[in-house]
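*Asks:* next input, structure requested:
(4 chains)
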Number of protein chains: 4
Amino acid sequence: MIYRLGYAQLNVSDLEKSLHFYEKVIGYIKTKQEGNKAYLRAAEEFDEYSLILNEDKDNVALDHFGLRVSSEVALDDIKKKNEALGVEVEEVQDKDHGRVLKVATPSGHPVAFYHHSPQLNVYHGENKDVILPMRRTHLQNGIPPLRIDHMNLRVPSVNTEWNYWKNFDFSISEYVESADGNDKYAAWIRREPFTHDIALVHKQVASLHHIAYIVDGVAGVIKTADVLADAGYRDNIEYGPGRHGVTNAFFLYIKDPDGHRIEIYSGDYKRDLDQEPIGWTQEAYEKNGRLWWGAEVPESFKETTTINKNWMKEKIY
Amino acid sequence: MIYRLGYAQLNVSDLEKSLHFYEKVIGYIKTKQEGNKAYLRAAEEFDEYSLILNEDKDNVALDHFGLRVSSEVALDDIKKKNEALGVEVEEVQDKDHGRVLKVATPSGHPVAFYHHSPQLNVYHGENKDVILPMRRTHLQNGIPPLRIDHMNLRVPSVNTEWNYWKNFDFSISEYVESADGNDKYAAWIRREPFTHDIALVHKQVASLHHIAYIVDGVAGVIKTADVLADAGYRDNIEYGPGRHGVTNAFFLYIKDPDGHRIEIYSGDYKRDLDQEPIGWTQEAYEKNGRLWWGAEVPESFKETTTINKNWMKEKIY
Amino acid sequence: MIYRLGYAQLNVSDLEKSLHFYEKVIGYIKTKQEGNKAYLRAAEEFDEYSLILNEDKDNVALDHFGLRVSSEVALDDIKKKNEALGVEVEEVQDKDHGRVLKVATPSGHPVAFYHHSPQLNVYHGENKDVILPMRRTHLQNGIPPLRIDHMNLRVPSVNTEWNYWKNFDFSISEYVESADGNDKYAAWIRREPFTHDIALVHKQVASLHHIAYIVDGVAGVIKTADVLADAGYRDNIEYGPGRHGVTNAFFLYIKDPDGHRIEIYSGDYKRDLDQEPIGWTQEAYEKNGRLWWGAEVPESFKETTTINKNWMKEKIY
Amino acid sequence: MIYRLGYAQLNVSDLEKSLHFYEKVIGYIKTKQEGNKAYLRAAEEFDEYSLILNEDKDNVALDHFGLRVSSEVALDDIKKKNEALGVEVEEVQDKDHGRVLKVATPSGHPVAFYHHSPQLNVYHGENKDVILPMRRTHLQNGIPPLRIDHMNLRVPSVNTEWNYWKNFDFSISEYVESADGNDKYAAWIRREPFTHDIALVHKQVASLHHIAYIVDGVAGVIKTADVLADAGYRDNIEYGPGRHGVTNAFFLYIKDPDGHRIEIYSGDYKRDLDQEPIGWTQEAYEKNGRLWWGAEVPESFKETTTINKNWMKEKIY
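*Replies:* Below you'll find the model as predicted:
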């Protein structure tokens, strides 16, 4: 069983510049830095990291993202299901995650399935006092982000990609019909009882639109814009704040120094996985779905981040 | 598979008085009222209700609570598991939920397992415009509460009760060791990846300590106290605001006109079901667990709500 | 001595429609309704009203605004100063304010100076219990707005208008130089130690740009957009949220059913009246002053509300 | 004319320890440190400082507080008024404030009247870009506090002290009658149109109860408790959060390493200086005034900080 989105690895052109943005200004917490990679977590996460920044200036891209599964047995099951679907699975060992299954989805998105995830220690000092990860507010700076929430991926065919993911017990929370009715324009799919772990949206070229992090309420979203503008990153605030009709997200889209887009938002809503998907016609989507209220979507919003095309056969670290 | 806590039914002595408290002041939304019962939901819920107030002045108590399961097949499975455990299951039909399995847990807590749950319509008007349930803020009053979160139950033996619930794939997020090490003092157990759907805490007499609802951040918690005091219900604010060490809950405990306790809180944290439970010694719990900061626990906090002892064999509606 | 902006009277085309917008959706509290006029207050005000809606469909305009002065003696002083400046003063009696001095400023803005202002009763019940006006949260709906803050006026010459107001001990907090250096482009002027009671901005035709109300923090500003969109007033959200560099205002501009613009904002900053004005060059204003961050100013933002040209000689009620 | 409370100087036993508390944990911004003194400001202040920490381990006390007046001429006026009242005035020069009038009030409270107050520069860089003091959020830590608000002083006779301050155009916003009706139990007095710059409360020995700082809304108050507990200062959280009936303050009282009490609160309300004071009988105060809602006042709340008895004749720096 897949639990959830665990982490994403972004290839960046200049690690120092990226760390200034993510760590010093936004307030991600750096757990470790090894070679070209920095490992960052958000303030309420128990995992050691949910974002890996990998300096690789010739391949600025979404390197891959990781989905955490419930057990080693679940990994076996995922391997079998992929093979039954005719999807190639590469099994490797990763220092942090142990056994990892590498897969490229039908659209080519680079995915790592893993079970083991290094955890923060919660027992501190001689007396093994319990200190939860989020109880370090006196050391925080920036916003900070609280936890990773979802990836928004662009895919040439939403139905094709959905036909892959539904094998792994994903559920659609909301979707937008395509104009001709032969495909979907978009689908928000999830393993957790919120609106999405992954959004699939139509675009000819498979790519990453954004990674989303939850912050503390609408005030956390506004603080993001304030902190960025105050730190000299005003041009990195791309779009928002506003509210989407679909998923009810109160959003702000920002761009990192390489143009990777992060959605900063205050959470969506809770709804059981078995409930009927909520469907928007193209018309309804244009009217209220894309935007419940807010400024018009800027042209730049169509830009996306390249995905790693060498994911399979590539060494994972 | 059990999804989550679905609803609770409280028996109250005076429905009108209770509705004034819950609906007019706190801001619960009444979906329907039939006979002695009023059905209330919180603002972000898709279920028609999560709280039933049932006027029954001779049996002021927790009537029962409902756990929503993933399918009819899952109900079969739950029935079998109970029978294998030697726990009596009574199968009834409920107008709203269809097939319902009634069970009294080892400590006697009255539970209804059900799959079908009436849902709010999200398509509105001639054009079937999508309007999500929470997008009615112009009609809201009071706080309002956003969604039900958990029940806190008192049980004579935490281990005995846990030995029941673990058969249904519950996981412990945090627990407190008992002084003598033979039982637990408390365990927070969950089917969702947060800290708890149900809290089990030691008390000689099985009873209900509180039902918890999530509100919009710490400001929502403070607004609760303000709204209650302003409306003449200051004495119904029992304890808080403060922060628990266990579960990281920022809490306010209030009491309804019958003394049923509601916890108003701003949410806890997210952590996968398979992760090792976080254990507190009695000493650590006394030091930082019960209270991360805040005023001392008042004496009244030991009081609990009686549970319905006639749950089995009783008509469900 | 002038204390502050006390109230504004807007002429509206349809009182019922306006009341739906201001009272039912935004959450203004109606104190009284007499003839064509409704008197509204914000939640933390002690004055009976700060906004008068006057149905006069042939003269949809800013009827006038009122400035509260410290005493009857202060009214004498203001009369003398106006006369010394050659500005006509008309002295009338108003049922609510008693003695009122009517003046049209050099640019023609319709002002009422008054001392007496009807106050809400704070002693309630038999025991004369003190209940402050803002302690009625259980009866509130909408956002609600907390208090009136300022008027933003358009004037053909900022310096000419400033030369009038400086006689009444106004102080400039911030200003923008004009391109040619002969006038100012804008000046924020105040009698209270915040950034402005009145903003003066250049436009050929004297008119009203907006009236501003303070809400509870950035969350209150966002709630405004949510409530409006949810109630079917999405098109009345004109611009924002965003932050101005000048005055540090976190803003949202909305339009009422007649197109009168209200700024909903979370407050500015405190600074003594004697401190040196903060000056922005045109260049600095274009770069960071108009907008610290946020979407581009929409074209519609140049539209303004007509001002009452018959203020002098007109009956006040 | 007195404008407002400008700053307070606290004598502390260990400057390093105090700076850890105020600067590293709470988030005050240190402007300068000279000899035994550290000068701190809150995030939205234009003054270089509002809090001076002076290491003087033998005289841990409120050294004095400063009231800013509108001009040098206003200082002359204050000098004359004091002399007319038979109150000794000592005129000194202070490096930061220039001419300073030192006075001990009838109860012995040590006050400095001054006009000049060093201001933060708002023009930055080659282009003299305007950057307002609060637009440094990327460099903030802790809560942070936004601005100084008031002092709460204990005095043997409220009426005697009030009879002094009313000569300087202070106004009472709210007061509590004494039991016997011969004095007042407390009076909140102000020069700014909020509830108080100074609170006068009866106690046999003249002393300081607390200095209050405003933070960003109720969330800022709660963040204070979180940050303190997380940083190991849980025992420094003395009382709250709760809401006073008098002044409508949502409060949290904390104690610094020397036991000096700071009130962290989210602001009160605005009301003109000429309005009739709001009076509470002892009975009403006990019922709703001291506490609108919240936990009982702890015994420790009666403790106060000694005031400097050598203020007059002492060197100011």
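*Asks:* stretch A:38-58 near chain B at all?
*Replies:* Yes. Counting by Cβ under 8 Å from any Cβ of the partner chain, contacts between stretch A:38-58 and chain B involve A:44, A:46. Glycine gets a C-beta too; all of them are placed from N, C-alpha and C.
*Asks:* and that stretch, how far apart are its ends?
*Replies:* 18 Å (Cα to Cα, to the nearest Å).
*Asks:* swap in stretch A:20-36?
*Replies:* With Cα to Cα applied, stretch A:20-36 spans 15 Å between its terminal residues.
*Asks:* neighbouring contacts of that stretch?
*Replies:* Stretch A:20-36 is contacted by residues A:15, A:19, A:38-43, A:48-49, A:51, A:53-56, A:140-145, A:224, A:227-228, A:231, A:233, A:236, A:256-257, D:138 when judged by Cβ atoms under 8 Å, 6 or more residues apart in numbering or on different chains.
*Asks:* okay, now the unreliable bits of chain A?
*Replies:* Scanning chain A for pLDDT under 70 picks out A:315-317.
*Asks:* how much space between the closest residue to chain B within the stretch 201-317 of chain A and A:Gly267?
*Replies:* In the stretch 201-317 of chain A, no residue comes nearer to chain B than A:Gly217, which is 4.5 Å away by Cβ to the nearest Cβ. As judged by Cβ to Cβ, to the nearest Å, A:Gly217 and A:Gly267 stand 8 Å apart.
*Asks:* all helices of the stretch 51-200 of chain A, in order?
*Replies:* With DSSP state H, counting those that start in this stretch as the criterion, the stretch 51-200 of chain A has helices at A:72-84, A:158-165.
*Asks:* could you check how far the closest residue to chain C within the stretch 101-250 of chain A is from chain D?
*Replies:* In the stretch 101-250 of chain A, the residue that lies nearest chain C is A:Ala229 (4.0 Å; Cβ to the nearest Cβ). Separation of A:Ala229 from chain D (Cβ to the nearest Cβ, to the nearest Å): 8 Å.
*Asks:* so what's that residue up against?
*Replies:* Contact analysis of A:Ala229 by Cβ under 8 Å, 6+ apart lists A:237, C:243, C:292-293, D:135.
*Asks:* need those in CSV (columns: secondary structure).
*Replies:* Below are the contacts of A:Ala229 laid out as CSV (DSSP: H, G, I helix; E, B strand; the rest coil):
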residue, secondary structure
A:Ile237, strand
C:Arg243, strand
C:Trp292, coil
C:Trp293, strand
D:Arg135, coil
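*Asks:* apart from its chain neighbours, what residue comes closest to A:Glu238?
*Replies:* Leaving out its chain neighbours, the residue that sits closest to A:Glu238 by Cβ to Cβ, 6 or more residues apart in numbering or on different chains is A:Tyr253, at 4.6 Å.
*Asks:* that should have said A:Asn11, apologies.
*Replies:* Per Cβ to Cβ, 6+ apart, closest to A:Asn11 is A:Asp56, 4.2 Å.
*Asks:* what residues does the stretch 101-250 of chain A have near chain B?
*Replies:* A:117, A:119, A:122, A:127-130, A:132, A:134-135, A:147, A:192-193, A:216-217, A:219, A:245, A:248.
*Asks:* give me the neighbour count for A:Lys302.
*Replies:* By other Cβ atoms under 10 Å in any protein chain shown, 10 other residues sit near A:Lys302.
*Asks:* now it: how far from A:Tyr175?
*Replies:* Look at A:Lys302 and A:Tyr175: by Cβ to Cβ, they are 20 Å apart.
*Asks:* which strand runs longest in chain A?
*Replies:* When chain A is parsed with DSSP state E, its longest strand is strand A:2-12.
*Asks:* how would you label the residue of the stretch 101-250 of chain A closest to chain C: helix, strand or coil?
*Replies:* Under three-state DSSP, the three-state class of A:Ala229 is helix.
*Asks:* quick one: contacts for A:Thr160?
*Replies:* A:106-107.
*Asks:* wait, I meant A:Ile198
*Replies:* A:Ile198 neighbours (Cβ under 8 Å, 6+ apart): A:5, A:150-153, A:165, A:170, A:188-190.
*Asks:* could you grab the helix/strand/coil label for A:Glu23?
*Replies:* Going by three-state DSSP: A:Glu23 is helix.
*Asks:* what about the strands in the stretch 151-300 of chain A?
*Replies:* A:171-177, A:184-190, A:198-202, A:207-214, A:237-243, A:250-255, A:261-265, A:278-280 (DSSP state E, counting those that start in this stretch).
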